[in-house]
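# Provided below are the primary sequence and the corresponding predicted coordinates.
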Amino acid sequence: MKSIATVAVLAALTACGGATDGTASNGEGAGAAETVAATPYPSDPSEPHLRNLRQLTHGGENAEAYWAPDGRHLIFQKTEPPGVPCDQIFVMEVNGEDLHRVSTGQGRTTCAYYFPDGKRISMNLRIDRDVLRFVRVNDDGSELRKMLDETAGSGHPTVHPDGRHLLTDSYTHEPLAFGDGTIPLRWIDLATGEETTLVRINTEQPCADSVLRIDPHPAWDRTWRYVAFNAFVEGTRRVFLADLGKLVA
């Protein structure tokens, strides 16, 4: 099984209106499929390590792209006013074709990831009177629903192969942050709603430029036992590795 791999990780979240109440339903909200072919991107002689570059997106702002387990699809955020006025979640084939939206088009989303089964997607979506919730949706944009009714969403949610647990982090500006520059790595039981803080991480750094912000961005390895994440300690960025073997055994 392929690990969750980061292809592009740039872009600040943009708030937007149009939130819905209750359980979300995609219905006609999912965008119609588009056909956009990948185009060659010129090589740079000063960068000898990259070859055969292809540009996959051609309009708006695009970021946070991640592989599907099948290695043939990517999921990413897209903003392109007026049709896509805030961060929305799209899926496409790795050749740039079959581009289609899987979020509702209403309310802010955050990073989205494929379930290990490669058929469903986890993300955050502003629903329930503008509250961020964890939702899941099929990769064709159908059957979008909340995973938990009362638990607040945050960060970068991934669902473990056991189908029962969700791992995510938080941004320092979100209500779940501790207010002192530290945030939790959250381990959530999707069956009961029970939540455990695995570790408290400092991500606040002295630069006010949001482009330089630090997201823990927890990422699983191929065995779904180890998690890598980022933090700001000792005056600089650091990368950590956690063994969650006792939790996922």
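Structure's in. What do you need? Bear in mind that the values here come from a model prediction, so they are computed numbers and not experimental data.
# residue ranges with poor pLDDT in this protein?
1-36 (pLDDT under 70).
# let's see 80
Within the chain, the stretches with pLDDT under 80 are 1-37, 85, 106-108, 128-130, 208-212, 249.
# What does the most centrally placed residue in it show for phi and psi?
Among the residues of the chain, the one closest to the centroid is C111, at 2.0 Å (CA atoms, centre = their mean). Torsion angles at C111 (phi, psi; degrees, to the nearest 10) stand at phi -50, psi 140.
# give the contact list for it.
E64, Y66, Q77, M123, N124, G155, H156, P157 (CB atoms under 8 Å, 6 or more residues apart in numbering). Yep, even glycine has a C-beta here, placed from its N, CA and C like the rest.
# Adding neighbour count and distance to R238 as columns, could you present those residues in CSV?
Listed next are the contacts of C111 as CSV, based on neighbours: other CB atoms under 10 Å; distance: CB to CB, whole Å:
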residue, neighbour count, distance to R238
E64, 25, 22
Y66, 21, 22
Q77, 26, 26
M123, 25, 27
N124, 27, 25
G155, 25, 18
H156, 26, 18
P157, 24, 23
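# Work out the gap between stretch 99-107 and the centre of the chain.
14 Å (CA atoms, centre = their mean, to the nearest Å).
# Please write out the alpha-carbon positions of that stretch in CSV.
Extracted C-alpha coordinates of stretch 99-107, given in CSV (Å, rounded to 0.1, in the frame of the first residue of the first chain):
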residue,chain,number,x,y,z
LEU,A,99,-10.7,16.6,-13.0
HIS,A,100,-13.8,16.8,-10.8
ARG,A,101,-14.9,18.4,-7.5
VAL,A,102,-15.8,16.1,-4.6
SER,A,103,-16.6,18.7,-2.0
THR,A,104,-20.0,20.5,-2.0
GLY,A,105,-18.8,23.9,-3.3
GLN,A,106,-20.2,25.5,-0.1
GLY,A,107,-18.2,26.2,2.9
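# in this protein, which strand has the most residues?
Assignment by DSSP state E gives strand 84-93 as the longest strand of the chain.
# Adjacent strands (with direction) for that one?
Using DSSP bridges, strand 84-93 pairs in its sheet with strand 73-80 (antiparallel), strand 100-101 (antiparallel).
# closest to P116 out of those strands?
strand 73-80 (13.7 Å; CB to CB).
# Go through the closest one and flag the buried ones.
H73, L74, I75, F76, Q77, K78, T79 (16 or more other CB atoms under 10 Å).
# Outside of that strand itself, list whatever touches it.
By CB under 8 Å, 6+ apart, strand 73-80 touches 7-8, 11, 14, 56-57, 59-68, 84-94, 101-102, 109, 111-114, 121, 139.
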